[in-house]
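Engineer: The following block contains a protein sequence and its predicted model.
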Amino acid sequence: IVSRDFDMPRSLAPEGWYLDIDYLDTVAEVSVNGVTVLEARNCFRRYRPDVSHVLKPGRNRIEILFHSNPKAANALQASMPFPVPYAAQNCPIPNGNMLRKPACHFGWDWNIAIAPLGLYGRIELRRFDRIRIENVRVHQTHNDDGSVDVMVDIELKGRPSGLVPYEIRFGDQTKMSVEENDAELQSHLSHFHIEKPDLWWPAGSGAQPLYELYIRCGEDERKLKVGLRQIDLNTDKDASGSRFAFRVNGKDIYCRGSNWIPADALPSAATPELTEKLLQAAVDSNQNMIRVWGGGFYEQEFFYDICDRLGLMVWQDFMFACNLYPSTPEFLTEVKLEAEYQVRRLQHHACIALWCGDNELIGALTWFEESRKNRDRYLVSYDRLNRT
């Protein structure tokens, strides 16, 4: 159990309070003043449980009870209707495939098996009065005349509370409005036209200008950096069957890159400074792409910020590697929520070039005696995961 006490002044309004938590690893219960407010089972999600009903004026206490991840994984395996094999040749700690947690934490051919647990990201007590920003998506349309149209799509959560002021600034353009806040979930769209854009290019092919996007909705605000670029995957037919080539801003780019694994076996030791040193080394050795491998983390925001600045395109795996996985409704629900959160979180980054479903899961179907003897059962299970 980890815990902390904090004081709530009596002058603060009692409603609208929530915890904002991410990188919570992995099977854990969060309580405030002895009341459970969150039961977490997924290291790759962001949690924002309401805590207004448990806070009190004066001294409050928050606790996180971390359960044993290996024990939880073993229990889940035992509950399966049929065995779900894992890559024992990589993982001396069994059944890591049962949890939404980095596969390499259970060991790998290059990694120590220590199954760490902890809180590596944020934990904040926050409040919104009328409205808060849930997600921001930035859609780019690159026109034949060289101009770019940018659509900023803001997803909001709030409660009916009358008029709310909006300010959205992209580069040197600003849109301001006042709108009725009349629903719990709503959206706000803003359009910007950039006549002569400064385009973002991969390292070695040009510069990496980034436009500042500032959003204020009521009392909540967000600041993002956006690079204007168009990345296409060219799969035109060729003599070998089809190409697999990246085209950026209409120009074919020869990709030179590396495979990125977590920068340290202890996640909290993978600091922004260490990360930048490693990514700068990639650029210094003439690389322009980093593949985030599916047995680790969806990296923290600073990783993608650095890639934006350095011009490193990111081939982003979803976090599945070298195992078979459950296809129970409970597991697939976690996968769905994880994928929705991560794609929305990273979507605005110029560096994101491609999303890949997994690392070697098709191959893994042939690695285990169970799946070789009963191919269709495990193929259907994989298909359900892949569709999710």
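Structural biologist: That came through fine.
Engineer: what comes up buried for stretch 182-200?
Structural biologist: By 16 or more other CB atoms under 10 Å, the buried positions in stretch 182-200 come out as 186, 188, 190, 192, 194, 197, 199-200. Glycine gets a C-beta too; all of them are placed from N, C-alpha and C.
Engineer: Could you confirm residue 75 falls within a strand?
Structural biologist: No: per DSSP: H, G, I helix; E, B strand; the rest coil, residue 75 lies outside any strand segment and is helix.
Engineer: Leaving out chain neighbours, which residue sits closest to the residue nearest the centre of the chain?
Structural biologist: Geometric centre of the chain, nearest residue: residue 342, 2.9 Å, by CA atoms, centre = their mean. Closest residue to residue 342 apart from its sequence neighbours, by CB to CB, 6 or more residues apart in numbering: residue 298 at 4.9 Å.
Engineer: Can you show me the strands along the stretch 51-200 of the chain?
Structural biologist: Assigned by DSSP state E, counting those that start in this stretch, the stretch 51-200 of the chain shows strands spanning 58-66, 118-119, 123-127, 131-142, 148-158, 162-170, 173-181, 185-194.
Engineer: Format the ones you listed as TSV; extra columns: distance to residue 309 and mean pLDDT.
Structural biologist: Output for these, formatted as TSV (distance: least, CB to CB, whole Å; pLDDT from 0 to 100):
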stretch	distance to residue 309	mean pLDDT
strand 58-66	34	97
strand 118-119	27	96
strand 123-127	25	95
strand 131-142	17	96
strand 148-158	20	95
strand 162-170	19	93
strand 173-181	23	92
strand 185-194	20	93
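Engineer: picking up where we left off before, please look at the residue nearest to residue 342 and residue 43 and confirm they touch.
Structural biologist: No: using CB atoms under 8 Å as the test, residue 298 is too far from residue 43 to be in contact (9.4 Å).
Engineer: In this structure, where's the longest helix?
Structural biologist: Across the chain, the helix with the greatest residue count (assigned by DSSP state H) is helix 329-346.
Engineer: about what we covered before: among residue 298 and residue 43, which residue is more densely surrounded?
Structural biologist: residue 43 (27 against 24; other CB atoms under 10 Å).
Engineer: So which residues of this protein form helices?
Structural biologist: Using DSSP H, the helices found in the chain span residues 69-79, 272-284, 301-310, 329-346, 361-364, 369-373, 375-387.
Engineer: Tell me which of these lies nearest to residue 131.
Structural biologist: Shortest distance between residue 131 and the helices of the chain, using CB to CB, is found for helix 329-346: 17.7 Å.
Engineer: Correct me if wrong: the residue nearest to the centre of the chain contacts residue 44.
Structural biologist: Yes: judged on CB under 8 Å, residue 342 makes contact with residue 44 at a distance of 6.5 Å.
Engineer: Can you check which residues contact both of the two?
Structural biologist: residue 298 (CB atoms under 8 Å, 6 or more residues apart in numbering).
Engineer: which ones are touching residue 287?
Structural biologist: By CB under 8 Å, 6+ apart, the neighbours of residue 287 are 203, 256-258, 312.
Engineer: Rebuild the strands of the stretch 51-200 of the chain as a markdown table, extending it with distance to residue 360.
Structural biologist: As requested, these are exported to a markdown table (distance: least, CB to CB, whole Å):
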| stretch | distance to residue 360 |
| --- | --- |
| strand 58-66 | 30 |
| strand 118-119 | 28 |
| strand 123-127 | 34 |
| strand 131-142 | 30 |
| strand 148-158 | 34 |
| strand 162-170 | 40 |
| strand 173-181 | 45 |
| strand 185-194 | 38 |
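Engineer: of those, which approaches residue 35 most closely?
Structural biologist: strand 58-66 (10.3 Å).
Engineer: List the buried residues for the closest one?
Structural biologist: 60, 62, 64, 66.
Engineer: that older thread, ok, now which ones touch the residue nearest to residue 342?
Structural biologist: Applying CB under 8 Å, 6+ apart, the residues near residue 298 are 44, 292, 316, 319, 342, 345-346.
Engineer: Same question for residue 137.
Structural biologist: Listed by CB under 8 Å, 6+ apart, the contact partners of residue 137 are 152-153, 155, 344, 347-348.
Engineer: I figured residue 317 was touching residue 291, is that so?
Structural biologist: Yes: at 7.2 Å, residue 317 counts as touching residue 291 under the criterion of CB under 8 Å.
Engineer: Residue 112 contacts residue 266, doesn't it?
Structural biologist: No: judged on CB under 8 Å, residue 112 makes no contact with residue 266 at a distance of 9.6 Å.
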